[in-house]
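Peer 1: here you go, sequence then predicted model.
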Amino acid sequence: MTISFKVRAIQRNDYSDWRSLWDGYNAFYGRSAETALPEQITEATWKRFFENEEPVYALVAEDGDGAIVGLTHYLFHRSTTRLHPVCYLQDLFTAPHCRGRGIARQLINAVYDAARDAKSSRVYWTTQTTNVAGRALYDKVASHLGFIVYSHEI
C-alpha cells in the first residue's frame, strides 16, 4: 500500500527524530554498540547538512502526524566520464514500522528531483547484496549496471 508522505529538506529541529533513524540505519549495516560510528562522525554529518559550502544534503519523510519516518542523504560530485555532476544517494532508511508503504520510493524520487534541479546527469547508490527488500524496490526504480564495489580503508 502506497501512502503519501511529505518529503522535505531536513531542518535543525529534526535532530532527535533524525538521530533515531540514523542510529537505526547504522545498526542495519552493523554499526552499533562496539562497532558504532564514532560520535564525531555523526556530529560532522549532521553539521554538513546545514553548511552552504558542503555538497551533502538530507531529506526526511513525515507522516500525517508530523513524525519523521524516513531519511535520505545525498551528495553531488564531479565525474571523469560526464560533463555534469553526478548524485550519490548515500543513505536511505525508513522506520521499520512504516516499511512497505512507499516511503523509500518517495525519498528516491525526491532525490531524482533534486538531481534534475542541480543539472546532475545521474543518480546512483550502493547496497549490500543481502538487502533483499531494498533491492526489490531498487530494481523497479533504477538499473543495476552489474558493478561490484571494492573498498580499502586508509
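Peer 2: Nice, I can see it.
Peer 1: where does this structure dip in pLDDT?
Peer 2: Low-confidence segments of the chain, defined by pLDDT under 70, span residues 1-4.
Peer 1: tell me where it has helices.
Peer 2: 15-28, 39-48, 103-117, 132-141 (DSSP state H).
Peer 1: T94: how many residues sit nearby?
Peer 2: T94 has 25 neighbouring residues, counting by other C-beta atoms under 10 Å. From N, CA and C alone the C-beta is placed, and that goes for glycine too.
Peer 1: beta partners for the spatially closest residue to it that is not a sequence neighbour?
Peer 2: Using C-beta to C-beta, 6 or more residues apart in numbering and skipping the chain neighbours, the partner closest in space to T94 is G70 (4.1 Å). Assessed by DSSP bridges, G70 has beta-bridge partners A61, T94.
Peer 1: what residues are up against G70?
Peer 2: Shown in contact with G70 (C-beta atoms under 8 Å, 6 or more residues apart in numbering): 5, 7, 21, 60-61, 92-95, 98, 103-104, 106-107.
Peer 1: over to I68?
Peer 2: Applying C-beta under 8 Å, 6+ apart, the residues contacting I68 are 14, 17-18, 21, 60-62.
Peer 1: related to what we said a few turns ago, ok, the residue nearest to T94 to E62 distance?
Peer 2: Taking C-beta to C-beta, to the nearest Å as the measure, G70 falls 9 Å from E62.
Peer 1: who touches both of those two?
Peer 2: 5, 7.
Peer 1: what about the closest residue in space to V149 that isn't next to it in sequence, neighbour count?
Peer 2: Nearest residue to V149 in three dimensions, chain neighbours excluded: T126, at 5.2 Å (C-beta to C-beta, 6+ apart). When neighbours are defined as other C-beta under 10 Å, T126 has 12 of them.
Peer 1: and if you look at Y124?
Peer 2: 13.
Peer 1: okay but it is in contact with Q90, surely?
Peer 2: No: shown here, Y124 and Q90 do not form a contact pair, counting by C-beta atoms under 8 Å, at 10.2 Å.
Peer 1: show me what contacts C98?
Peer 2: C98 neighbours (C-beta under 8 Å, 6+ apart): 63, 69-70.
Peer 1: same check, this time on S121
Peer 2: S121 neighbours (C-beta under 8 Å, 6+ apart): 79, 82-86.
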